[in-house]
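> from the sequence below, what's the structure:
(one chain, ligands or ions: 1)
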Amino acid sequence: MTESAGPSVSLKLVVLVAILVVSALLILLLIFFLCFRKTRNLAAKHSSGSIPLVSKEITMVKASDPKKMEEAEVKVEIGGAQHHQSSELVSGEDPDIGWGRWYTIWEVELATHGFAEGNVIGEGGYAVVYRGILHDASVVAVKNLLNNKGQAEKEFKVEVEAIGKVRHKNLVRLVGYCAEGARRMLVYEYVDNGNLEQWLHGDVGPVSPLTWDIRMRIAIGTAKGLAYLHEGLEPKVVHRDIKSSNILLDKNWNAKVSDFGLAKLLGSEKSHVTTRVMGTFGYVAPEYASSGMLNERSDVYSFGVLLMEIITGRSPIDYSRPPGEMNLVDWFKAMVASRRSEELVDPLIEIPPPPRSLKRVLLICLRCIDMDVVKRPKMGQIIHMLETDDFPFRSELRSVREKDPVPSHADVSIKVPYPPTKHAETVEKSRWR
Ligand SMILES: Nc1ncnc2c1ncn2[C@@H]1O[C@H](COP(=O)(O)OP(=O)(O)OP(=O)(O)O)[C@@H](O)[C@H]1O
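The predicted model follows:
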């Protein structure tokens, strides 16, 4: 008996030791994997240190009461736009949602290292944005929405699916989402060079890296993204929150419009919708602010303010400036009217723009903020104006000065030619992509 029990006991021992060794190895592997991820996250964070921080004084103020946002129109990404143009599915994506992936909370937590403080890349009024690395090593931005109480599960999914289908090189791409329990998260492509607000108003030293040409590239890219929302989708999408912090930049200074949380859909049969006023103080079109009447020309107004900001390097509202200069739009119009256009250019731009180019862009700004909504150009026309060099600016500028020697907010209406024919418009459209 004793003899036969001997080998069986030692076999059990060997098996036990083997199990212990394998378990120890697995634990070691797991620890190594977690440390490796942490190092990569920290390295990535460190490498983005070149993006300037925006000074605290320049924070923008939301026009609406954040508490009321909880009720209905909450900060949840997007509305049900259907594609006009190409919206093919990308191969390998989850067929369940058609365009991207539905991530589990576990995947998102793993990607952001448990929503680590060190991975925070931005904080808006209604969300915290984290940098994350997915299991396939792709880098993403995870937007963790804070106010989602009023948002039903189904509605959330429908809306997210709609924006998920939108693909354009100048619109930030939604790669998926996470909806578990009350938690709502959006997973975007990571745009690696900060946002325009940081580059315009952050501490960049005595010379801005944003040359005139780069600024124009950013303006044109933004205009193309907006033109696609307004003219390439049915129903069209009105963004409603165009501002510099929502223009993300990549290392080649390509602009990507982001943050569709306030966007509204507008069917082709409707000239406008009446809605609660949302947006950011300083960028909101006056007619929308006063009556709630919204259409895509409200975005055009905001784009005009953004263009002024790009030219001047000044924030739309800046209380640290003298009284006549606090409101960018008013100051801008006064400067043009008194023939001081050259002084409008951001002093941090080392090589001033060619006068012809400057005048062209100034006029586009003024057209965009026309108090008469229907006189504002469409985004497609703005692209044309920004890209065309033979712009007949002289007579236009003269008419601004004659019409508005001491401009008020209400009466600047400048004639700037549209692209001549419908055909020209169609041709331009194909170039937005
Ligand atoms: N896809 C992304 N890639 C890289 N950074 C991003 C991305 N999305 C957002 N961010 C960063 O996170 C910041 C916060 O984004 P978010 O859209 O929540 O807020 P905001 O636009 O600054 O403010 P608010 O939402 O209150 O208008 C952005 O300004 C940007 O710097």
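
> and the ligand, is the strand or helix carrying Asp213 touching that?
According to DSSP states H and E, Asp213 maps onto helix 212-231. No. Using Cβ under 6 Å from any ligand atom, helix 212-231 stays clear of the ligand, with a minimum separation of 13.4 Å. To be clear about C-beta, it is placed using only N, CA and C from the backbone, and glycine gets the same treatment.

> which helices and strands does whichever helix or strand comes after that helix pack with?
Moving toward the C-terminus from helix 212-231, the next helix or strand (DSSP H and E) is strand 233-234. Packing partners of strand 233-234 (3 or more Cβ pairs under 8 Å, 6 or more residues apart in numbering; DSSP states H and E): strand 82-83.

> swap the cut-off to 7 Å and go again
Using 3 or more Cβ pairs under 7 Å, 6 or more residues apart in numbering; DSSP states H and E as the contact test, no helix or strand touches strand 233-234.

> that strand pairs with which strands?
Looking at strand 233-234 with DSSP bridges, its partner strands are strand 82-83 (antiparallel).

> the helix or strand following the partner strand pairs with which strands, and in what direction?
Counting by DSSP H and E, the next helix or strand C-terminal to strand 82-83 is strand 101-102. Here strand 101-102 has these sheet partners by DSSP bridges: strand 174-180 (parallel).

> contact residues of the stretch 101-250 of the chain facing the ligand?
Residues of the stretch 101-250 of the chain lying near the ligand (Cβ under 6 Å from any ligand atom): 121-127, 129, 141, 143, 172, 188, 190-191, 195, 241, 245-246, 248.

> CA atoms only: put stretch 306-316 into PDB for me.
Provided in PDB are the C-alpha atoms of stretch 306-316 (Å, rounded to 0.1, in the frame of the first residue of the first chain):
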ATOM      1  CA  LEU A 306     -14.000  82.500 -35.800                       C
ATOM      2  CA  LEU A 307     -12.300  84.000 -38.900                       C
ATOM      3  CA  MET A 308     -11.900  87.300 -37.100                       C
ATOM      4  CA  GLU A 309     -10.300  85.500 -34.200                       C
ATOM      5  CA  ILE A 310      -7.900  83.700 -36.600                       C
ATOM      6  CA  ILE A 311      -6.900  87.000 -38.200                       C
ATOM      7  CA  THR A 312      -6.500  89.000 -35.100                       C
ATOM      8  CA  GLY A 313      -5.600  86.400 -32.400                       C
ATOM      9  CA  ARG A 314      -8.200  88.100 -30.200                       C
ATOM     10  CA  SER A 315     -11.000  86.300 -28.300                       C
ATOM     11  CA  PRO A 316     -14.600  87.200 -29.300                       C
END
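
> now the strands: where do they sit in the protein?
In the chain, the strands defined using DSSP state E lie at 82-83, 101-102, 120-123, 127-133, 139-145, 174-180, 183-189, 233-234, 236-238, 247-249, 255-257, 264-266, 273-274, 293-294.

> return stretch 350-360 as CSV; C-alpha atoms alone will do.
These are the backbone C-alpha positions of stretch 350-360, laid out as CSV (Å, rounded to 0.1, in the frame of the first residue of the first chain):
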residue,chain,number,x,y,z
GLU,A,350,5.9,87.4,-38.1
ILE,A,351,5.4,87.9,-41.9
PRO,A,352,2.3,90.0,-42.6
PRO,A,353,-0.2,88.7,-45.2
PRO,A,354,-0.2,90.2,-48.7
PRO,A,355,-2.7,93.2,-48.6
ARG,A,356,-4.8,91.6,-51.3
SER,A,357,-5.2,88.4,-49.3
LEU,A,358,-5.9,90.3,-46.1
LYS,A,359,-8.6,92.4,-47.7
ARG,A,360,-10.3,89.4,-49.2
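
> next, the buried residues of that stretch.
Pro353, Ser357, Leu358, Lys359, Arg360 (16 or more other Cβ atoms under 10 Å).

> looking at these, which are in helices?
Ser357, Leu358, Lys359, Arg360 (DSSP state H).

> I'd say the second one and Ser341 touch.
Meaning Leu358. Yes. Using Cβ atoms under 7 Å, Leu358 makes contact with Ser341 at a distance of 6.3 Å.

> so who does Val300 touch?
Cys368, Arg376, Pro377, Met379 (Cβ atoms under 7 Å, 6 or more residues apart in numbering).

> low-confidence ranges in this protein?
Low-confidence segments of the chain (pLDDT under 70): 1-7, 32-49, 54-98, 147-159, 161-162, 261, 268-269, 275-276, 390-433.

> and if we set it to 80?
1-10, 28-50, 53-100, 124-126, 146-164, 182, 260-279, 389-433 (pLDDT under 80).

> how's it carved up into domains?
66-189, 196-413 (automatic domain parsing).

> report how many residues lie close to the closest residue to the ligand within the stretch 251-400 of the chain.
In the stretch 251-400 of the chain, the residue that lies nearest the ligand is Asp259 (3.7 Å; Cβ to the nearest ligand atom). Neighbour count of Asp259, defined by other Cβ atoms under 10 Å: 27.

> ok, the closest residue to it other than its chain neighbours - contacts?
With Cβ to Cβ, 6 or more residues apart in numbering as the criterion, Asp259 has its nearest non-adjacent residue at 4.4 Å, and that residue is Asn246. Applying Cβ under 7 Å, 6+ apart to Asn246 gives the contacts Val257, Ser258, Asp259.

> how close does Asn246 get to Ser302?
Taking Cβ to Cβ, to the nearest Å as the measure, Asn246 falls 10 Å from Ser302.

> now Leu266
15 Å.

> the two: who's more crowded?
Ser302 (27 against 22).

> may I have the distance across stretch 204-221, first residue to last?
One end of stretch 204-221 to the other measures 22 Å (Cα to Cα, to the nearest Å).

> sorry, wrong one. I was asking about stretch 361-375.
End-to-end distance for stretch 361-375: 17 Å, by Cα to Cα.

> which parts of it are buried?
Going by 16+ other Cβ under 10 Å, stretch 361-375 has these buried residues: Val361, Leu362, Leu363, Ile364, Cys365, Leu366, Arg367, Cys368, Ile369, Asp370, Met371, Val373.

> and if you look at stretch 207-223?
Buried-residue list, stretch 207-223, by 16+ other Cβ under 10 Å: 208, 210, 212, 214-223.

> mind listing the helices for the stretch 1-150 of the chain?
Along the stretch 1-150 of the chain, counting by DSSP state H, counting those that start in this stretch, helices occupy 2-47, 105-111.

> circling back to that earlier point, distance check, the residue nearest to Asp259 against Ala179.
For Asn246 relative to Ala179 (Cβ to Cβ), the value is 23 Å.
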